[in-house]
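Asks: just need the structure, nothing else, for what follows:
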Amino acid sequence: MSSNLELRGCRVLALLSGGIDSTAAVAFYLSRGCNVACLFVDYGQVAAPKELAAAHRVTVHYKVALRHVTCAGVCGKQGGLILGRNAFLLFTALMEFDAQSGVLAMGLHAGAPYFDCSRAFAEAARSILDGYADGRIRIGVPFLEWSKRDIWQFCQDRHVPVHMTYSCELGREQPCGECSSCKDLEALNACPKFKP
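Replies: Predicted coordinates:
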């Protein structure tokens, strides 16, 4: 996983869902002098149109490029656990990364109940990336030990435009009161209103 000491000038492709965590990751790498571009992946999630609109707002705000990949599959993807989601996103980013070295950034954080948000997942992914790129392309998970509240505080301290983000897994007006992302935001009393 990437170290803060070696980041300045580094190429970063950030997986941007349009939500708070991935937007915070964009801000994190920009604040460290990285050359950041973003990738939005439409994998058939019900919230994709609203997520893409939020990702577009965020990249316009930060003046970084946004790439868009669609691979919707054959079955609908609702909120909650989607087996293989973060692995799919990471390896899609690897396929779309147009540099010989750099960081594939994700907004993973502590407290999520899913394997693909854990240190074990990040270490396994690092090992696979090393196999492909001999350590030149790394996984960047700066918030892996942070809580959702830590990320929220980072956003407040860094003036991250959370009002531009969108996080409802069900594609509804947030907070929907049902999905885990909206419940997280409600617990923080921090849910930004979606603005189309």
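Asks: what residue lies at the spatial centre of this structure?
Replies: Note on the chain: the residue nearest the mean C-alpha position is residue 22, at 3.1 Å, using CA atoms, centre = their mean.
Asks: what sits against that residue?
Replies: 14, 15, 16, 106, 107 (CB atoms under 8 Å, 6 or more residues apart in numbering). Where you see a C-beta, it was placed from the backbone N, CA and C, and this is true even at glycine.
Asks: for the helix or strand harbouring it, buried residues please.
Replies: Per DSSP states H and E, residue 22 falls inside helix 20-31. By neighbour count on 16 or more other CB atoms under 10 Å, the buried set for helix 20-31 is 20, 21, 22, 23, 24, 25, 26, 27, 28, 29, 30.
Asks: what do you get for stretch 83-102?
Replies: 85, 86, 88, 89, 90, 91, 92, 93, 94, 97, 102.
Asks: filter those residues down to the ones in strands?
Replies: In this view, the buried residues of stretch 83-102 that belong to strands under DSSP state E are residue 102.
Asks: taking the buried residues of stretch 83-102 together, which two end up most distant?
Replies: 85 and 102 (22.3 Å; CB to CB).
Asks: ok, the buried residues of stretch 83-102 vs residue 171, which is closest?
Replies: Closest to residue 171, out of all of these and judged by CB to CB, is residue 85, at 15.8 Å.
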